[in-house]
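K.L.:
Need a 3D model of the sequence below.
(chains A, B, C and D)
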There are 2 protein chains.
Amino acid sequence: MFELLYKKITEKIPLSEEEFEVCKTLFTSKKVRKKQFLQQEGDVSRYQFFVNNGLLRSYTIDEKGVEHILQFALEGWWTADLYSFFTEEPSLFNIEALEDSELLLITRPSWETLLEKLPVLERYFRILIQNSLIATQRRLMESLSETAEKKYLKFMKMYPESIQRVPQHMIASYLGITRETLSRLRRDIASGKSSA
Amino acid sequence: MFELLYKKITEKIPLSEEEFEVCKTLFTSKKVRKKQFLQQEGDVSRYQFFVNNGLLRSYTIDEKGVEHILQFALEGWWTADLYSFFTEEPSLFNIEALEDSELLLITRPSWETLLEKLPVLERYFRILIQNSLIATQRRLMESLSETAEKKYLKFMKMYPESIQRVPQHMIASYLGITRETLSRLRRDIASGKSSA
DNA sequence: GTCCAGGTGTGACATAGATCAATGCTTTTA
DNA sequence: TAAAAGCATTGATCTATGTCACACCTGGAC
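P.N.:
Now for the predicted structure:
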């Protein structure tokens, strides 16, 4: 149940098994089925989610009804709406299981307790968030400077596993293009007509 | 020299003046003139910068020679290329003063020392980076879903001070549009022809 | 087995924003 | 105080990508 989380934490910081026992008391586990929602737009975000196995996505819906995917979360990843989780303002994001998944959940009060009891985890979370910031900044710069095709090729390189497990129209939504455009540029890449 | 930094830190976490003395020994200060570079693409990023006063920008240049601005940094803000700073890989970013500025600089070794001596700062940096991540995620979602005009109007609301101090073509570059498009949409907004 | 929802592909057309080119400010610099 | 550099604006035109509409395929639900 907690092996993956322990592994992930100790990849970044040293933590004894005894210390880790505290974690076990503060998380709850949850199984969800494909298509199940963990959080919906308008709710206050009550949990941070750690994915033991399965696959989640978080996304917003704009005024025109178009979905925009912020993040896919695979095994070993965290996901949450940090803004809503910390401010208790209603969330703009939906979080949905794309596959049957097993998750670890932590509430805000438990999270505070966790950091009080194991202040060394401040460092773990700092590193985690820092890597997430670096990746998001890169994605932002690419979304401003690259063509649709280059963004797709980079995505394929960066997340080959997601390409297999996620429907194309969601990858399009993650990249900020329409499914039609993605379909066409895939055809061009396959036929060698593209710049790739 | 250090008042603003002390103020900013104690806004987020408690820190006595005695503890803060450690900081004073680990930062160096630097004055730069408008247009001066603090870091150039290809360099390994040696410092994190805290802006005491003045204004910096960090940006990349794509293959076509177009600039894309990642961040403006006003008084009280931090800026750095975190990826290069931590991995010692060459940076993709240029950091340049847009006004004469006074900065505090910290090197990687000093930063490590700082966190060893004052582990409570892990929390400060975690909160800082977390807020930066939340803002960057929002900017990314907006860049994928909003029109040029809406992005500009939101920018005006969010950073009215930057609008005054930064040339328009740089705001355009931050928003991911051309200076011509920004000029035109400003005209439309002013004349009331826009949706605003 | 049949039906239907979810997913993908593709053609015809529309459009937001980019590109190119020229003009006239204003500010810096020498 | 003149020249140069930086900046904003505007018109004409181009283009990558979006929009709309429809066809086809597949796998699970019944």
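K.L.:
what's the least confident helix or strand in chain A, going by average pLDDT?
P.N.:
helix A:160-165 (a mean of 88; mean pLDDT, DSSP states H and E).
K.L.:
Strands along chain A, start to end?
P.N.:
For chain A, the strands defined by DSSP state E occupy A:28-32, A:37-39, A:47-53, A:56-61, A:67-73, A:78-79, A:94-97, A:101-107.
K.L.:
how far does the second one sit from the chain's center?
P.N.:
If you compare the mean C-alpha spot of strand A:37-39 with that of the full chain, they lie 13 Å apart, counting by C-alpha atoms, centre = their mean, to the nearest Å.
K.L.:
In it, which residues are buried?
P.N.:
When neighbours are counted by 16 or more other C-beta atoms under 10 Å in any protein chain shown, the buried residues of strand A:37-39 are found to be A:38-39. For the C-beta atoms, the positions are set from N, CA and C on the backbone; glycine is no exception.
K.L.:
now the fourth one
P.N.:
Burial within strand A:56-61, assessed by neighbour count using 16+ other C-beta under 10 Å, is assigned to A:56-60.
K.L.:
give me the subset of these touching chain B.
P.N.:
Of the residues in the buried residues of strand A:56-61, proximity to chain B by C-beta under 8 Å from any C-beta of the partner chain holds for A:T60.
K.L.:
Report the two of the buried residues of strand A:56-61 separated the most.
P.N.:
Looking at those by C-beta to C-beta, the two members farthest from one another are A:L56 and A:T60, with 14.7 Å of separation.
K.L.:
Residues contacting the longest helix along chain A, please?
P.N.:
When chain A is parsed with DSSP state H, its longest helix is helix A:121-145. Residues lying outside helix A:121-145 but in contact with it, judged by C-beta atoms under 8 Å, 6 or more residues apart in numbering or on different chains, are A:9, A:12-13, A:15, A:78, A:114-115, A:150-151, A:154, A:175-176, B:60, B:62, B:66, B:68, B:70, B:82-83, B:86, B:92, B:115, B:119, B:122-123, B:125-126, B:129-130, B:132-133, B:136-137, B:139-140, B:143-144, B:176.
K.L.:
Buried ones among the residues you listed?
P.N.:
A residue is treated as buried here by neighbour count (16+ other C-beta under 10 Å); on that basis the buried members of those are A:9, A:15, A:78, A:114-115, A:150-151, A:175-176, B:60, B:68, B:70, B:82-83, B:86, B:92, B:115, B:122-123, B:125-126, B:129-130, B:132-133, B:136-137, B:139-140, B:143-144, B:176.
K.L.:
quick one: average pLDDT of stretch A:83-95?
P.N.:
Mean pLDDT, taken over the full extent of stretch A:83-95, equals 97.
K.L.:
in it, what's buried?
P.N.:
In terms of neighbour count (16+ other C-beta under 10 Å), stretch A:83-95 has its buried residues at A:83-86, A:91-95.
K.L.:
can you tell me if it touches DNA strand C.
P.N.:
No: on the criterion C-beta under 7 Å from any atom of the strand, stretch A:83-95 is out of touch with DNA strand C, staying 14.5 Å away.
K.L.:
Ends of that stretch, what's the gap?
P.N.:
Start and end residues of stretch A:83-95 are separated by 14 Å (C-alpha to C-alpha, to the nearest Å).
K.L.:
Which residue, other than its chain neighbours, is closest to A:K7?
P.N.:
Using C-beta to C-beta, 6 or more residues apart in numbering or on different chains and skipping the chain neighbours, the partner closest in space to A:K7 is A:G76 (7.9 Å).
K.L.:
Next: A:S173.
P.N.:
Once its chain neighbours are removed from consideration, A:S173 has its nearest residue in A:I69; the separation is 4.8 Å (C-beta to C-beta, 6+ apart).
K.L.:
Hmm, that neighbour is touching A:T79, no?
P.N.:
No: A:I69 is not in contact with A:T79 according to C-beta atoms under 8 Å; the separation is 11.5 Å.
K.L.:
Where does the prediction get shaky in chain A?
P.N.:
Low-confidence segments of chain A, defined by pLDDT under 70, span residues A:193-196.
K.L.:
So which residues on it come close to chain B?
P.N.:
With C-beta under 8 Å from any C-beta as the criterion, chain A comes near chain B at residues A:60, A:62, A:66, A:68, A:70, A:82-83, A:86, A:92, A:115, A:119, A:122-123, A:125-126, A:129-130, A:132-134, A:136-141, A:143-146, A:176.
K.L.:
got the residues of chain A near DNA strand C?
P.N.:
A:167-169, A:179-180, A:182-184, A:186-187.
K.L.:
Which ones among those residues map onto helices?
P.N.:
Residues of the residues of chain A next to DNA strand C located in helices (DSSP H): A:168-169, A:179-180, A:182-184, A:186-187.
K.L.:
Nearest to DNA strand D among these?
P.N.:
Top of the list for closeness to DNA strand D, among these and by C-beta to the nearest atom of the strand, is A:E180 at 3.9 Å.
K.L.:
Bridging across strands, which residues link to the residue most central in space within chain A?
P.N.:
In chain A, the centroid-proximal residue (C-alpha atoms, centre = their mean) is A:A73; its distance is 3.5 Å. In this entry, A:A73 is beta-bridged to A:L56, by DSSP bridges.
K.L.:
Tell me if I'm right that it and A:R57 touch.
P.N.:
Yes: in this structure A:A73 lies within contact range of A:R57 using C-beta under 8 Å: 7.3 Å.
K.L.:
ok, back up a step: now the angle from the longest helix of chain A to strand A:47-53?
P.N.:
Between helix A:121-145 and strand A:47-53, the angle comes out at 80 degrees (axes from the mean of the first three to the mean of the last three C-alpha atoms, to 10 degrees).
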